[in-house]
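In: Could you work out the structure for the sequence below:
(chains A and B)
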Amino acid sequence: MQSLKGFAKEIFSQIRSEDLDESIIICKDMKAPYGRVFSISFLPEGENIATNIFLNDYYDDYLEGKDIGEIADDIIYRYQNELGIDSKISLSLLDFYDVIDHIIPIMFADNAFNEAYKRNPFTKVADDLCVYYVIEDKEDAKRFTINDSMLETWGISVEELHKIAINNIDTVLEPVIKPLNEMLAEIYDVNIEDLPDEMRDDTQIIVTSKSNVNGSVVLLSETVKEQLADRFGDDFFILPSSIHEVICIPTDGKDADELSDMVHEININDVAPDEILADHVLGFNIEEMQLVPGNELKGGNKLLFTRESLQHDKAVKDAKERKAQDKSHNNTERREK
Amino acid sequence: MAKDFDYILKLEDGSEMFVEAIEGPSDEAQKARLSAYAEKLKAEEE
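Out: Prediction:
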């Protein structure tokens, strides 16, 4: 039996000997927090997005007796048939002006499962992590993770990045606010009146993005908060049903701790670990227009976000002005040369 | 099962960015989750 390194070398050698549309194939050896990771990276000639397939699980198959040649064939098959990605990009990701309107936030639970997200710029929002991506257009099936190097290139801080991303929620993610029963009728493909009685309540409101993907973050939009405040006309609870959506419900004398128990139970039974957003209920204080921990909805002091903290316009304006000055300065220098 | 692949974008300046393929919630998972909330909230009310 070979070591993981020897196995990776053998797989690399076998795959490289195949004629794969002139793809450049690289064997990578990386140190991850959980150990050493080997991967095979495929980069088609003339393209700039490489597909990186990790070998550690395949090594387990090898240790269980699977033939190396068969494993190499499986990897090639996956690369050619299952893991394709459109590699055309019209944005210049190094140009801040080109990407500023394409930066979006996404929220994930701050737990051991999502520790890797902390390697890149992030902001703690309540008990969650807000991380940032560039998305080329609303229909695109890929997103680019913003890292420290990009922030340095763009010359902006994490705080500015956060505010820019929040500012783009309305235009890029296109928030959707509608009764849960409407959403359920769509999912079950029936009319609302044909849903079971327990699913017909129209006071439970779902908040997500137009695509339904990673839509929970739209809750941070000031516009969304204002629309929800108008809709409820009072404080309300926010159930973090998943990273894809949240459910807002009237307080109506409900107990925050009991609701948190419900969230916890549903997370255990009905939510995939990587889709869990939080284990406890949040609240919205309409008087202050602020999100608060659910059990502090009335008169609590531990405010999680303030309207001021999410005032993005000034930061966005400052960032744009600073970049414009830099650009103008650079142009002048170039002309002088 | 944890994802065993990713994508890397090579930028003009030699730096790299991770690229994620966007995967939406599966219909079944969403159905289970949202139905569970609707049912439990109704039970709570009663």
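In: contacts, neighbours, all on C-alpha from now
Out: OK.
In: Quick check: the gap between A:Glu64 and A:Tyr132.
Out: Counting by C-alpha to C-alpha, to the nearest Å, the gap from A:Glu64 to A:Tyr132 is 40 Å.
In: tell me the mean pLDDT for stretch A:261-273?
Out: With pLDDT averaged residue by residue, stretch A:261-273 scores 94.
In: check whether that stretch contacts chain B.
Out: Yes: using C-alpha under 8 Å from any C-alpha of the partner chain, stretch A:261-273 reaches chain B at A:262, A:266, A:270-272.
In: buried set for that stretch?
Out: Residues of stretch A:261-273 classed as buried under the neighbour-count rule (16 or more other C-alpha atoms under 10 Å in any protein chain shown) are A:262-264, A:266-267, A:270-271.
In: go on, stretch A:173-180?
Out: Neighbour counts using 16+ other C-alpha under 10 Å place A:173-180 of stretch A:173-180 among the buried residues.
In: and which of the residues you listed is nearest to chain B?
Out: When the buried residues of stretch A:173-180 are compared for distance to chain B (C-alpha to the nearest C-alpha), A:Leu180 comes out closest, at 7.9 Å.
In: what residues are up against the closest one?
Out: Contacts were defined as C-alpha atoms under 8 Å, 6 or more residues apart in numbering or on different chains; by that measure A:Leu180 touches A:201-206, A:247, B:34, B:38.
In: so who does A:Ser209 touch?
Out: If you count contacts by C-alpha under 8 Å, 6+ apart, A:Ser209 has them with A:173-176, A:215-216, A:218, A:244-245.
In: Output those of the residues you listed also counted as contacts of chain B.
Out: Filtered for proximity to chain B (C-alpha under 8 Å from any C-alpha), the contacts of A:Ser209 shrink to A:His244.
In: Please dump the contacts of A:Ser209 into TSV; it should also carry secondary structure and distance to A:Phe113 for every row.
Out: TSV is the format used below for the contacts of A:Ser209 (DSSP: H, G, I helix; E, B strand; the rest coil; distance: C-alpha to C-alpha, whole Å):
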residue	secondary structure	distance to A:Phe113
A:Leu173	helix	25
A:Glu174	coil	28
A:Pro175	strand	27
A:Val176	strand	28
A:Gly215	helix	19
A:Ser216	helix	18
A:Val218	helix	22
A:His244	coil	17
A:Glu245	strand	19
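In: In a markdown table: the contacts of A:Ser209, plus pLDDT.
Out: What follows is the contacts of A:Ser209, written out as a markdown table (pLDDT from 0 to 100):
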| residue | pLDDT |
| --- | --- |
| A:Leu173 | 95 |
| A:Glu174 | 96 |
| A:Pro175 | 97 |
| A:Val176 | 97 |
| A:Gly215 | 95 |
| A:Ser216 | 96 |
| A:Val218 | 97 |
| A:His244 | 95 |
| A:Glu245 | 96 |
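In: Sketch out the low-pLDDT regions of the stretch 1-150 of chain A for me.
Out: A:21, A:31-35, A:86-87 (pLDDT under 70).
In: which one of the contacts of A:Leu180 sits closest to A:Ser41?
Out: The shortest distance between A:Ser41 and any of the contacts of A:Leu180, using C-alpha to C-alpha, involves B:Leu34 and amounts to 38.5 Å.
In: That closest one and A:Ala185 touch, don't they?
Out: No: checked against C-alpha atoms under 8 Å, the pair B:Leu34 and A:Ala185 is beyond contact range at 11.1 Å.
In: Neighbour count for those two, which is higher?
Out: Regarding B:Leu34 and A:Ala185, a neighbour count based on other C-alpha atoms under 10 Å in any protein chain shown identifies B:Leu34 as having more, with 26 against 17.
In: In contact with the more buried one, which residues?
Out: For B:Leu34, the residues meeting the contact criterion (C-alpha under 8 Å, 6+ apart) are A:180, A:184, A:241.
In: pLDDT wise, what is the first one at?
Out: To tie it back to what came earlier, the one meant is A:Leu180. Looking at A:Leu180, its pLDDT stands at 94.
In: Just say helix, strand or coil for B:Leu41.
Out: Following DSSP: H, G, I helix; E, B strand; the rest coil, we place B:Leu41 in the helix state.
In: Tell me how far it lies from chain A.
Out: Note on B:Leu41: its distance to chain A, by C-alpha to the nearest C-alpha, to the nearest Å, is 8 Å.
In: So what's the residue count around that residue?
Out: 18.
In: what's the answer for the one 5 residues further on, then?
Out: Neighbour count of B:Glu46, defined by other C-alpha under 10 Å: 6.
In: tally of neighbours for A:Asp197?
Out: Look at A:Asp197: counted by other C-alpha under 10 Å, it has 12 neighbours.
In: Quickly list what the residue nearest to A:Asn48 when sequence neighbours are not counted is bridged to.
Out: Spatial nearest neighbour of A:Asn48, chain neighbours left out: B:Lys10 (5.3 Å); criterion: C-alpha to C-alpha, 6 or more residues apart in numbering or on different chains. Taking DSSP bridges, one obtains B:Glu16 as the residues bridged to B:Lys10.
In: these two touch, right, B:Lys10 and A:Gly46?
Out: No: in terms of C-alpha under 8 Å, B:Lys10 does not count as a neighbour of A:Gly46; the distance is 11.2 Å.
In: the more surrounded of those two?
Out: More neighbours surround B:Lys10 than the other of B:Lys10 and A:Gly46, with 16 against 9 (other C-alpha under 10 Å).
In: who are the neighbours in contact with the more buried one?
Out: Shown here is B:Lys10, whose contacts under the criterion C-alpha under 8 Å, 6+ apart are A:48-50, B:16-17.
In: now, among those, which is nearest to B:Phe5?
Out: Minimum separation from B:Phe5 among these (C-alpha to C-alpha) is found for A:Ala50, which lies at 10.5 Å.
In: circling back to that earlier point, redo the contacts of B:Lys10 as TSV? Include distance to B:Glu46.
Out: As requested, the contacts of B:Lys10 are exported to TSV (distance: C-alpha to C-alpha, whole Å):
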residue	distance to B:Glu46
A:Asn48	57
A:Ile49	54
A:Ala50	55
B:Glu16	55
B:Met17	51
